[in-house]
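# Using only what follows, build the 3D model:
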Amino acid sequence: MAKTIVKNQGREHEVFSQYLKEKDLKLTAQRELILETFLGHLGHISAEALYQKAREKQPHVGFATVYRTLKHMTQCGLARELDFGDGRIQYESDFNRQHHDHMICTHCGTYIEFLNPQIEELQEQVSRKHGFKITSHRMQLYGLCRKCQKSLK
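Residues are numbered from 1 along each chain as shown. Below is the predicted model of the structure:
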């Protein structure tokens with residue numbers, strides 16, 4: 001079961017409200033509920049799982065509203081869309097969060113988040129060498145986790 005956390009969500013609300021205002025959209029009660037539910041979730045979450053969690057609090061929330069709200073949150077930098085190759089898009093909080101990469105088990109779907117300063121520095125070196133300015137990147141390594149390696153022997 002996923003853990004939930006309570007954190008200072010004030011700045012995220014400001015960012016989202018400003019984004020919606022710039023797009024001539026309203027911060028509806030449903031959008032606010034979806035934002036709060038998303039921000040209160042620790043880890044990755046699919047649109048379907050977020051929809052279920054939001055419906056527990058407000059049964060008349062529609063899936064299309066959840067999906068569109070996730071797209072808005074992604075576009076304004078509050079959420080990051082992740083594709084782990086299993087056919088389902090996952091989302092994670094991306095606001096004021098330290099960059100990290102993922103290792104994904106192709107057998108069981110487990111993922112491991114990691115940050116390696118040496119890899120980050122190598123990327124910077126390669127980009128400088130080629131006169132390239134990195135504005136963002138995403139690294140996902142696919143393979144077998146320790147548990148699946150043992151079970152497949």
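# tell me the domain boundaries of the protein?
Using automatic domain parsing, the domain ranges for the chain come out as 10-93, 101-151.
# Format the ones you listed as JSON lines; extra columns: mean neighbour count and mean pLDDT.
Just so you know, the C-beta spots here come from the backbone N, C-alpha and C atoms, and that holds for glycine as well. Compiled in JSON lines, those are given as follows (neighbours: other CB atoms under 10 Å; pLDDT from 0 to 100):
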{"stretch": "domain 10-93", "mean neighbour count": "16", "mean pLDDT": "92"}
{"stretch": "domain 101-151", "mean neighbour count": "12", "mean pLDDT": "88"}
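# is it true that Leu20 touches Thr69?
No: taking contacts as CB atoms under 8 Å, Leu20 lies outside contact range of Thr69: 9.8 Å.
# joint contacts of these two?
Arg31 (CB atoms under 8 Å, 6 or more residues apart in numbering).
# element containing the residue nearest the centre of the chain?
Taking CA atoms, centre = their mean as the criterion, Glu92 is the residue nearest the geometric centre of the chain, at 1.9 Å. Glu92 is part of strand 89-93 when elements are defined by DSSP states H and E.
# Which residues outside that strand are in contact with it?
Here strand 89-93 makes contact (CB under 8 Å, 6+ apart) with 38-39, 43-47, 50, 70, 73-74, 78-84.
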